[in-house]
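Student: Here's my sequence, what's the structure:
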Amino acid sequence: MSSTNREKLYTQSKGYGFSPALERTRQPFKARNLLTLMGLLTFTGSVYAYSMLAVKQDDFSDVPLPNTLPGVKDVTHQKK
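Tutor: Numbers count the residues shown, from 1 in each chain. Below is the predicted model:
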């Protein structure tokens, strides 16, 4: 069986989409792929949340802001 004949088994006549044969082939991996997706999303969300919480706890009030650009005013200590 040539490679072009094998490819036609798994693709639609229009060239995109999944054929029934390809859907049957992918079926055993669906649950494992979803578990992997959930694991990656959980890990990524946890790292993001930890990073945001860690940065919120920092106090940068003792760090002086540089005033190097002429004509730029420091608005952090202005009264509103």
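Student: any idea how far residue 39 lies from residue 55?
Tutor: According to C-beta to C-beta, to the nearest Å, residue 39 and residue 55 sit 25 Å apart. Every residue, glycine included, has its C-beta placed from N, CA and C.
Student: ditto for residue 26
Tutor: Counting by C-beta to C-beta - residue 26 and residue 55 are separated by 41 Å.
Student: Residue 37 now?
Tutor: Taken as C-beta to C-beta, the span from residue 37 to residue 55 is 27 Å.
Student: cool, and residue 33?
Tutor: If you measure residue 33 against residue 55 using C-beta to C-beta, the figure is 33 Å.
Student: same thing with residue 66?
Tutor: Residue 66 is 21 Å from residue 55, by C-beta to C-beta.
Student: More neighbours: which of those two?
Tutor: Just comparing residue 66 and residue 55: by other C-beta atoms under 10 Å the higher neighbour count belongs to residue 55, 9 against 6.
Student: for that one, what are its contacts?
Tutor: Residues counted as contacts of residue 55 (C-beta atoms under 8 Å, 6 or more residues apart in numbering): none.
Student: same question for the helix or strand encompassing it, mean pLDDT?
Tutor: Taking DSSP states H and E as the criterion, residue 55 maps to helix 30-56. Averaging pLDDT along helix 30-56 gives 94.
Student: mind checking pLDDT for residue 7?
Tutor: 63.
Student: Make residue 1 into 709 and carry on from there
Tutor: Yes, from this point I'll number from 709; that puts the last item at residue 715.
Student: show me the residues around residue 734 that make contact.
Tutor: Residue 734 is in contact with residue 726, counting by C-beta under 8 Å, 6+ apart.
Student: ok, now with 7 Å
Tutor: Residues near residue 734 by C-beta atoms under 7 Å, 6 or more residues apart in numbering: none.
Student: I appreciate the help and will end here.
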